[in-house]
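J.: Please find the sequence and the predicted model below.
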Amino acid sequence: MYCAGSLIVLYTVFLVSAQDRNIIEQGINGNLGEALQFLREYDNEASSMCTRVTEAQWAYVTNITATNKKRMLDALSLQSKFERVSWQKAIGFSWSILPDPTVRRQLQLLATRGRSALSDAKQSELTKLVSEMKEIYNKARVCPFSSSSTPYCDLALEPELSRIMAHSRSYEEQLYAWRSWRDATGPKLKDKYIKYVELANEAARLKGFRDAGEQERSLYVVQDLQSQISEVWSTLTPLYRQLHAYVRTKISSQYAPPHKINPTAPIPAHLLGNMWAQNWKNIYDLVMPYPGKRRADVTSEMLRQGYTPQRMVQTAEEFFTSLGLKAMPLEFWHRSMLERPVGRHVACKASAWDFCNRRDFRIKQCTEVTMEDLLTTHHEMTHIEYYLHYAELPYIFRDGANPAFHEALADAIGLSVITPRHLHRIGLLNNITDDYETDINFLMEMALEKIAYLPFAYIVDQWRWKIFSHGTKDMNSAWWELRAYHQGVIPPVARTDKDLDPASKYHIISDQPYVRYFISLVLQFQIHQALCNASGHTGSLHTCDIYRSREAGRILNDIMSLGASRPWTEVIRIATRGRNDRLDAGPMIDYFKSLAIWLSVQNNHEKMIGWVTSEQDSALFEQWSNQGPGRQVCGALLLFPVLLNWIRI
């Protein structure tokens with residue numbers, strides 16, 4: 001049985017962009033020469049300002065002290081003032097009538113990006129508010145599950161709580177970690193988040209948008225972004241539901257009553273190996289299709305061969321030079337932080353840095369000799385390659401083709417690097433086992449990371465955009481309505497609107513739009529397929545490795561060199577050699593085709609492919625759902641009363 005629906009699309013169909021309404025503020029100056037002069041001056045000043053800010057940020061994250069934090073905040077404040085002045089100059093031009101398309105695009109980006117329309121006081125207030133939310137989040141601590149282990153309430157999200165969610169198989173311990181983290185974050189952040197929504201909307205309206213959500217969507221330029229992402233999610237939903245049904249059955253066998261999972265219900269959100277149930281790879285041991293087949297983890301071989309962090313980075317560099325792409329510049333090797341330093345506190349999350357001066361590019365990574373960190377090194381170096389290729393463009397174009405494109409490219413490279421074939425070619429895997437069971441195991445592990453992430457990546461900004469457009473009333477129940485409908489998960493304990501469960505996710509409270517992750521998930525498979533076609537690959541898409549393919553390298557060079565100078569739809573058209581210019585779920589479906597067939601066979605005797613959200617389930621997060629005992633509805637129908645309030649025609 002399938003319990004599905006498309007009512008949620010009602011929310012997306014009737015949104016109109018600010019570009020459609022033509023209300024983005026413009027001036028009356030149509031002089032092309034003056035516009036070119038302004039852009040030359042802006043390019044020099046913005047590049048210098050970016051270098052100054054990035055150096056301050058680097059100094060702070062590689063040596064976390066109060067002094068370095070103050071210097072970083074001072075630099076960011078100065079940059080905000082510069083952006084406001086630049087915006088005021090940019091909107092003095094009637095950019096839509098200028099004859100040069102490159103000038104038009106630069107001025108349009110300057111006019112619509114960011115929050116530069118806010119007054120200095122409001123901008124400072126917003127910056128301070130986001131900083132305070134981050135600080136509350138980062139300082140949140142909870143008590144241990146067992147008071148006998150330690151009397152101190154000092155468990156942080158990383159690594160302690162995340163480790164419990166990933167590795168504990170105790171229903172009660174996972175529930176404790178899940179609930180405690182939300183108790184330590186949401187209620188403390190709710191009032192600040194409401195104020196943040198107010199200020200973000202004010203900034204967007206000053207730039208001619210209805211709200212902050214519309215401003216975020218405008219960065220993708222296309223008029224039908226919402227319908228594209230809804231269409232893609234609708235296409236991928238059947239595969240997700242098959243995975244959901246299989247995983248539900250497998251993990252249900254781990255728990256005895258009263259914790260047994262209903263075979264037709266959503267899954268309690270704390271049982272999927274991750275604090276937000278966004279990535280299920282940590283329960284791979286519970287759901288592995290063929291336990292007798294080993295995983296291709298080459299960590300032990302790397303250690304045996306004497307790999308070091310330096311050698312791992314050199315291995316990543318050789319991947320790109322084998323494609324005919326750029327080697328890392330001298331500054332990269334001199335200035336990157338490739339290992340955790342001794343004697344100072346640093347932020348270890350791996351990242352790639354562009355210092356905006358066309359020569360200084362760095363990676364920051366506390367690299368350990370593991371297969372996971374080898375993949376991360378390739379990921380971060382993809383960002384560096386992108387920086388290098390668009391370095392000569394004007395400052396405003398030194399960015400990805402859209403906000404998702406950097407991640408999409410980096411993850412597309414990862415799809416080659418992770419294959420057993422590639423690991424064999426670089427001497428880390430001696431024998432490649434080319435058989436059906438190994439293939440299904442590999443695809444299952446990839447699906448737990450990629451397919452399982454799709455609904456969460458889709459939901460976050462559906463929720464944020466609704467909050468921006470219709471206010472903060474009942475925002476916690478709205479969060480769980482979306483999660484029950486799209487993801488098939490429910491809270492394991494009752495929630496109220498005193499809680500703010502979305503605030504348990506860092507991106508939400510740190511002012512980071514999230515739809516880019518959904519779009520990058522889809523784009524990475526489109527790019528991977530295009531590169532594989534160019535490389536002459538034959539066989540299943542999930543076995544493709546573009547290593548040493550100069551043809552694939554030429555495509556990467558072509559699309560990376562464009563930066564943000566062309567709409568992303570044109571960049572996709574170039575990558576696919578004219579075959580496509582929009583989001584397309586087809587390559588992702590092709591990649592997981594063998595697993596989809598296998599899942600449909602495994603689930604043949606399941607009571608339901610999908611889920612029914614009962615009154616008992618919805619009562620965990622809804623106040624309006626007490627309409628009598630025994631009521632059961634599909635997620636789509638459960639959402640209908642709320643959807644009517646979300647639509648603007």
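T.: Here it is on my side, so go on. In this text the structure is predicted, and so the values were computed from the model without any measurement. Residues are numbered from 1 along each chain as shown.

J.: check which helix or strand covers the residue nearest the centre of the chain.
T.: Centroid-nearest residue in the chain, with C-alpha atoms, centre = their mean: Tyr517, separated by 3.0 Å. Tyr517 belongs to helix 515-535 when elements are defined using DSSP states H and E.

J.: what does Thr67 give?
T.: Counting by DSSP H and E, Thr67 is part of helix 66-90.

J.: can you state the direction angle for the helix ranked longest in the chain and helix 66-90?
T.: Criterion DSSP state H: the longest helix present in the chain is helix 171-206. Interaxial angle of helix 171-206 relative to helix 66-90 (axes from the mean of the first three to the mean of the last three C-alpha atoms, to 10 degrees): 40 degrees.

J.: who does the helix or strand just after helix 171-206 touch, helix- and strand-wise?
T.: Next in sequence after helix 171-206, counting helices and strands by DSSP H and E, comes helix 212-218. Counting contacts by 3 or more C-beta pairs under 8 Å, 6 or more residues apart in numbering; DSSP states H and E, helix 212-218 packs against helix 18-21, helix 171-206, helix 453-470. For glycine as for every other residue, the C-beta is placed from the backbone atoms N, C-alpha and C.

J.: list the helices and strands the helix or strand containing Lys250 packs on?
T.: Using DSSP H and E, Lys250 sits in helix 225-252. Judged by 3+ C-beta pairs under 8 Å, 6+ apart, the packing partners of helix 225-252 are helix 9-13, strand 267-268, helix 284-287, helix 436-449, helix 453-470, helix 515-535, helix 586-591, helix 593-602.

J.: Not counting the second one itself, show me its contacts.
T.: In other words, strand 267-268. His244, Val247, Arg248, Ile251, Ile261, Ala277, Gly488, Val489, Ile490, Pro491, Pro492, Trp611 (C-beta atoms under 8 Å, 6 or more residues apart in numbering).

J.: what's the answer for the last one, then?
T.: Applying C-beta under 8 Å, 6+ apart, the contact partners of helix 593-602 are 239, 242-243, 245-246, 289, 439-440, 443-444, 447, 540, 542, 589.

J.: for the next helix-or-strand element following it, what is the average pLDDT?
T.: For helix 593-602, the following helix or strand on the C-terminal side (DSSP H and E) is strand 612-614. Here strand 612-614 scores 91 as its mean pLDDT.

J.: For the helix or strand that strand 612-614 is followed by, buried residues please.
T.: Heading C-terminal from strand 612-614, the first helix or strand you meet, by DSSP H and E, is helix 615-618. Going by neighbour count (16 or more other C-beta atoms under 10 Å), the buried part of helix 615-618 is Glu615, Asp617, Ser618.

J.: Tell me how far helix 615-618 lies from the chain's centre.
T.: 30 Å (C-alpha atoms, centre = their mean, to the nearest Å).

J.: Over to stretch 554-570?
T.: 21 Å.

J.: Okay, buried residues for it please.
T.: Taking 16+ other C-beta under 10 Å as the criterion, stretch 554-570 shows 555-557, 559-560, 562-569 as buried.

J.: Relative to Tyr387, which of the helices and strands packed on helix 225-252 is closest?
T.: In terms of C-beta to C-beta, the element of those nearest to Tyr387 is helix 515-535, at 17.1 Å.

J.: can you list the weak-confidence ranges in the stretch 151-300 of the chain?
T.: Applying pLDDT under 70 to the stretch 151-300 of the chain flags residues 151.

J.: residue contacts, the nearest residue to Phe518 once chain neighbours are set aside?
T.: Leaving aside its sequence neighbours, Phe518 sits nearest to Ala457 (C-beta to C-beta, 6 or more residues apart in numbering; 3.8 Å). By C-beta under 8 Å, 6+ apart, the contact set of Ala457 is Gln278, Tyr514, Val515, Tyr517, Phe518, Leu521.

J.: what's the most distant pair in the residues you listed?
T.: The distance between the two most remote of those (C-beta to C-beta) is 14.1 Å, for Gln278 and Val515.

J.: hmm, back to that, relative to the whole chain's centre, how far out is the longest helix of the chain?
T.: For helix 171-206, the distance to the chain centre is 18 Å (C-alpha atoms, centre = their mean).

J.: what do you get for stretch 457-466?
T.: Counting by C-alpha atoms, centre = their mean, stretch 457-466 comes out at 12 Å from the chain centroid.

J.: ok, now stretch 251-260?
T.: So, by C-alpha atoms, centre = their mean, the centroid of stretch 251-260 is 32 Å from its chain's centroid.

J.: Tell me the buried residues in it?
T.: Quick answer for stretch 251-260 (16+ other C-beta under 10 Å): Ile251.

J.: Figure out the length between the terminal residues of it.
T.: This stretch, stretch 251-260, spans 9 Å end to end (C-alpha to C-alpha, to the nearest Å).

J.: Can I get the helices and strands packed on helix 212-218 in CSV including distance to Ser504?
T.: Shown next, in CSV, are the helices and strands packed on helix 212-218 (distance: least, C-beta to C-beta, whole Å):
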stretch, distance to Ser504
helix 18-21, 31
helix 171-206, 5
helix 453-470, 12
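
J.: Tell me how far the closest residue to Leu199 other than its chain neighbours lies from Leu219.
T.: Take Leu199 and drop its neighbours on the chain: the residue closest to it by C-beta to C-beta, 6+ apart is Leu126, 4.5 Å away. Remark: distance between Leu126 and Leu219 (C-beta to C-beta, to the nearest Å) = 18 Å.

J.: Burial check on Tyr290, number of neighbours?
T.: 13 (other C-beta atoms under 10 Å).

J.: got a list of what it touches?
T.: Contact analysis of Tyr290 by C-beta under 8 Å, 6+ apart lists Glu437, Thr438, Ile440, Asn441.

J.: quick one: which two of these are the most distant?
T.: Thr438 and Ile440 (7.5 Å).

J.: ok, now which ones touch Met129?
T.: Not Met; residue 129 is Leu. Shown in contact with Leu129 (C-beta under 8 Å, 6+ apart): Lys192, Lys195, Tyr196, Leu199.

J.: What's the separation between the first one and Asp474?
T.: Using C-beta to C-beta, one gets 18 Å for the distance from Lys192 to Asp474.

J.: Could you do the last one as well?
T.: Note on Leu199: its distance to Asp474, by C-beta to C-beta, is 21 Å.

J.: what angle do the helix holding Lys250 and helix 593-602 make?
T.: Going by the same axes, to 10 degrees, helix 225-252 makes 50 degrees with helix 593-602.

J.: Mind listing what's buried along helix 225-252?
T.: So helix 225-252, judged by 16+ other C-beta under 10 Å, has buried residues 225-226, 228-233, 235-249, 251.

J.: And for stretch 32-44?
T.: Ala35, Phe38, Leu39, Tyr42, Asp43.

J.: to the chain's geometric centre, what's the distance from that stretch?
T.: That offset, for stretch 32-44, works out to 34 Å (C-alpha atoms, centre = their mean).

J.: do stretch 601-613 as well
T.: That offset, for stretch 601-613, works out to 29 Å (C-alpha atoms, centre = their mean).

J.: for stretch 510-529, same thing?
T.: With C-alpha atoms, centre = their mean, you get 6 Å for stretch 510-529.

J.: I'd like the mean pLDDT over it, please.
T.: 97.

J.: Can you list the low-confidence ranges for this protein?
T.: 1-25, 147-151, 623-649.

J.: let's see it at 50
T.: 1-22, 624-633, 635-649 (pLDDT under 50).

J.: neighbours of Ala66, just the number please.
T.: Around Ala66 there are 8 residues (other C-beta under 10 Å).

J.: How much space separates it from Tyr60?
T.: Ala66 is 10 Å from Tyr60, by C-beta to C-beta.

J.: Can you name the residues that contact the closest residue to Leu76 other than its chain neighbours?
T.: Nearest residue to Leu76, sequence neighbours excluded (C-beta to C-beta, 6+ apart): Val53, at 6.1 Å. Contact analysis of Val53 by C-beta under 8 Å, 6+ apart lists Met72, Ala75, Leu76, Leu78, Gln79.
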